[in-house]
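In: the sequence and its predicted three-dimensional model are supplied below.
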Amino acid sequence: MHYVSVALSAILAVAGLGELLGSTLAEEATPVSVSSLYTGVVLEPSGAPAVDCRVWLLRRADWESICLVEEVRTDREGRFRLNTPRPELRPTEPVLFFVMARDSQGRFADGSWSKLTDEATGADVEPELLLFYLSDYRGRLVDSGGKAIAGAVIEPTYFGFAPLPQCVAAEMGTATASDGTFTLKVCPIQFDWEIFPKHSAKNLRVIAEIAAGEYGRVSANWNFDKPLALRLEKPGCVCGSLACASNPTAVAGITLKLVAIESETTDDSDYSIFYHGRAVTQSDGEFRFDGVVPGKYRMMITADDQFPYYLDSSAPFEVKSGQTVSELGVTLKQKMKIRGAVVDAATGAGVRDAQILVSRVDEAFTFRAGRTPQTDAQGSFVAYACPGKIRIRFDEVPDEYRWSASRQDYREIDLTTDTTLPPVRLERTPVVEGEVVDESGRPVPNAQILTSADTSKIRPFLGSQFTTDVHGKFRLAGLLIKERFSLRVSAAAAATNGPLMFDPADKIRVVISPKNAFAIHGRVLDRHGQPLEYSQVCLRVAQNTDSGSPWTLLREVIPDSDGKFEFCGLCPGEQYSIWAESDAYESIETPQVTGEAGRTHDFGPLKMTTPRSVAGKALASFSAALTWLAKAIHSAGDEDNPKLQ
């Protein structure tokens, strides 16, 4: 199903490209001033103004935490005003800033700064944050013998994929009663991202921190569609020493962590309990972990790619309830040094700011956090890796070298000693820039651009599609553009009259008009002829570029309560089709239609008739993926980045 495939694709992109959990989320977005203060309104579920609500402007600092940027309150009309300048977000960046509101009853509303511009006019759109009710979740915390654990503090940190800021998590937290019972106000996961249908909330999971005195501080991950008893065992302790024969002083100040080999789960996998503590070695290399959840573990270093040491492989060990694993000896060894260079193929000059990924060949999923090898002003880089079969590839390069870098094969070497690689030569390609305006000359933000230039391996999901920024500007970078190429531009209510031809050196200014626009509408129904809730409609356009796919996903919408959908501002002359998806039914696809300027095509009722053969299969897959992600979050940044099953 598309909802789940998008989520899993995001996870795989995280793992394969190494950006989402690491440098991309931590990257600072460039703030720009806006002509007026950022304002909005918070509404009750009934639509009435929500008075005296707290409104937070939040920024995702990294995958595990959210920073509070500003807090204000709504007035008598439910309105709020923020003073922080709105950041200018690039289309390829994840949303780093968002707004959340909460009233005195604990009801939530949230929104994103990525959706505050009208696609047709470029004017600022004042967001309406609609409060939604929370449902209580009731559970019980007990020990391994079923005895109640009283006074434990439980704070939710994640709902689905949504991390909660500390100011919210603390308010939603609770303590267990004398009989071990607890009640959490649980959000029904109304994602502003529109990735998951709202009724899938019961299939998602919550992650919470539990501080339970003698049972330690642990994380719990469970489905909140039904009450359950979380069982905690008395924790154990791990202590030992770290040694390094080549450099005895290197053992001081090393951050270690324990990674579970077998998670502590119930037989039906309703929940999991995991330990995420860290230990920092003393000057003599000694370390100690307290409050360790019983189970089998191995030791790892928490460090980035440029840390020059690694832990020698050691046998797994078991921590038993209430016991101590003592005198655990761990050896620190020096990595091999890899030197290399990236140069311009024509001039031989060094290419600066190219980021390199170094990983073991047997790694399936790799999370990157912190520093990665990067070329200096001369194009040189130094990387460190453990002995063995190593794969080296580009993670990021300057825009004008992106096409060439994407065609570089993986370099695989058997690393046994310090190594110097031959230079990598990259071909420079033109960077085409331009702007999109309407008939009055006003910039058109969020206009979609299709190009005939080769985009294969550069943007495999978007195919040949790019988007203008808030100023109507666009930049086609990393493409093989050596001769005339075409652009087709569409927005919410206007388009070009088919493809426009340009030379790479042209100063491009594209004017779009409502007179050229083609539109598509229709209605999604179930097999009984009723509007289908929680479906999604995708608009696809056929493409002739060598991008690895015969079509490009152009837009997506959720049909209204009557099942109706509409796509406007489409370019004439293109071949369009509709792909409709639902939790309950198998996906359907329409035949292609050719766009005509000033015309509208009505697909009529699209009836979804074939129920999914395995009920809940996709949602179960997502739930399993979230469990995997919860473990992966706590493994992010580890020195040797293990394969995650």
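Out: Received it, and whenever you're ready, just let me know what you need. As the structure is a computational prediction, the values presented were derived from the model and not from experiment.
In: flag every buried residue along the longest strand along the chain.
Out: Criterion DSSP state E: the longest strand present in the chain is strand 324-334. By neighbour count on 16 or more other CB atoms under 10 Å, the buried set for strand 324-334 is 324-325, 328, 330, 332-334. (C-beta placed from N, C-alpha, C; glycine too.)
In: same question, stretch 383-397
Out: 383-386, 390-392, 394-397.
In: can you give me the end-to-end distance of that stretch?
Out: One end of stretch 383-397 to the other measures 16 Å (CA to CA, to the nearest Å).
In: ranges for the helices of the stretch 301-450 of the chain?
Out: Along the stretch 301-450 of the chain, the stretches classed as helices by DSSP state H, counting those that start in this stretch are 402-406.
In: should've said the chain
Out: Listed in chain order, the helices found in the chain under DSSP state H are 2-17, 25-26, 166-172, 402-406, 617-635.
In: out of the buried residues of stretch 383-397, flag the one nearest to Gly240.
Out: The closest of the buried residues of stretch 383-397 to Gly240 turns out to be Cys386 (CB to CB; 21.1 Å).
In: any idea how far Met336 is from the closest residue to the closest one other than its chain neighbours?
Out: Nearest residue to Cys386 in three dimensions, chain neighbours excluded: Tyr310, at 4.9 Å (CB to CB, 6 or more residues apart in numbering). Using CB to CB, to the nearest Å, Tyr310 is found at 10 Å from Met336.
In: shared neighbours, these two?
Out: Cys386 (CB atoms under 8 Å, 6 or more residues apart in numbering).
In: need phi/psi at the residue nearest to Ala212 when sequence neighbours are not counted.
Out: Closest residue to Ala212 apart from its sequence neighbours, by CB to CB, 6+ apart: Ala152 at 3.8 Å. Dihedral pair for Ala152: phi -80, psi 140, per degrees, to the nearest 10.
In: list the residues that contact Ala152.
Out: 141, 175-176, 182, 210-213, 215.
In: and if we set it to 6 Å?
Out: By CB atoms under 6 Å, 6 or more residues apart in numbering, Ala152 lies in contact with 141, 176, 210, 212.
In: just to check, Pro373 is in contact with Ser380?
Out: No: look at Pro373 against Ser380 with CB atoms under 6 Å: they stay out of range, at 10.1 Å.
In: ok, these two, which is more surrounded?
Out: Pro373 (20 against 15; other CB atoms under 10 Å).
In: who's in contact with the more buried one?
Out: 356, 381, 383.
In: so of those, which ones are in strands?
Out: Using DSSP E, the contacts of Pro373 in strands are 356, 381, 383.
In: and of those residues, the nearest to Glu171?
Out: Checking the ones in strands among the contacts of Pro373 one by one against Glu171 (CB to CB), the nearest turns out to be Ile356, at 43.4 Å.
In: who's in contact with the nearest residue to Ala597 once chain neighbours are set aside?
Out: Excluding the flanking residues, the one nearest Ala597 by CB to CB, 6+ apart is Pro572, at 4.2 Å. By CB under 6 Å, 6+ apart, the contact list for Pro572 reads 498, 518, 595-597.
In: make CSV out of those and add pLDDT.
Out: Formatted as CSV, the contacts of Pro572 follow (pLDDT from 0 to 100):
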residue, pLDDT
Gly498, 86
Phe518, 95
Gly595, 93
Glu596, 94
Ala597, 94
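In: could you single out the nearest of the residues you listed to Cys53?
Out: Phe518 (42.3 Å).
In: OK, contacts around the closest one?
Out: 570, 572, 595-596, 599.
In: top of those by number of neighbours, please.
Out: Compared across the contacts of Phe518, Leu570 has the highest neighbour count, 28 neighbours, by other CB under 10 Å.
In: how near is the residue lying closest to that residue once chain neighbours are set aside to Leu258?
Out: Sequence neighbours aside, Phe518 is the residue nearest to Leu570 in space, at 4.3 Å (criterion: CB to CB, 6+ apart). Using CB to CB, Phe518 is found at 59 Å from Leu258.
In: same thing with Ala584?
Out: The gap separating Ala584 from Leu258 is 43 Å, by CB to CB.
In: returning to that earlier point: ok, so of the ones in strands among the contacts of Pro373, who is nearest Asp506?
Out: Ile356 (34.3 Å).
In: so what pLDDT did that closest one get?
Out: Listed pLDDT for Ile356 reads 87.
In: beta partners of it?
Out: Phe394 (DSSP bridges).
In: try Leu58
Out: Applying DSSP bridges to Leu58, the residues it is bridged with are Leu68, Phe98.
In: thought it was touching Ile66?
Out: Yes: between Leu58 and Ile66 a contact is recorded at 5.1 Å, counting by CB under 6 Å.
In: shared neighbours, these two?
Out: Common neighbours of Leu58 and Ile66 (CB under 6 Å, 6+ apart) are Pro165.
In: circling back to that earlier point, can I get the contacts of Pro572 in TSV including distance to Arg54?
Out: Output for the contacts of Pro572, formatted as TSV (distance: CB to CB, whole Å):
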residue	distance to Arg54
Gly498	51
Phe518	45
Gly595	47
Glu596	51
Ala597	49
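In: list the ones among the residues you listed that fall in strands.
Out: Short answer: the contacts of Pro572 in strands (DSSP E) are Phe518.
In: and the two most separated of the buried residues of stretch 383-397?
Out: The farthest-apart pair in the buried residues of stretch 383-397, when distances are taken by CB to CB, is Cys386 and Val397, at 25.0 Å.
In: which residues in the stretch 251-400 of the chain form strands?
Out: 255-260, 264-265, 271-274, 278-280, 286-292, 295-301, 309-311, 317-319, 324-334, 336-344, 355-360, 380-385, 388-396 (DSSP state E, counting those that start in this stretch).
In: please disregard the earlier target; I meant the stretch 401-550 of the chain.
Out: 411-415, 419-420, 424-426, 432-437, 448-451, 465-467, 473-476, 485-490, 500-502, 508-511, 518-525, 536-542.
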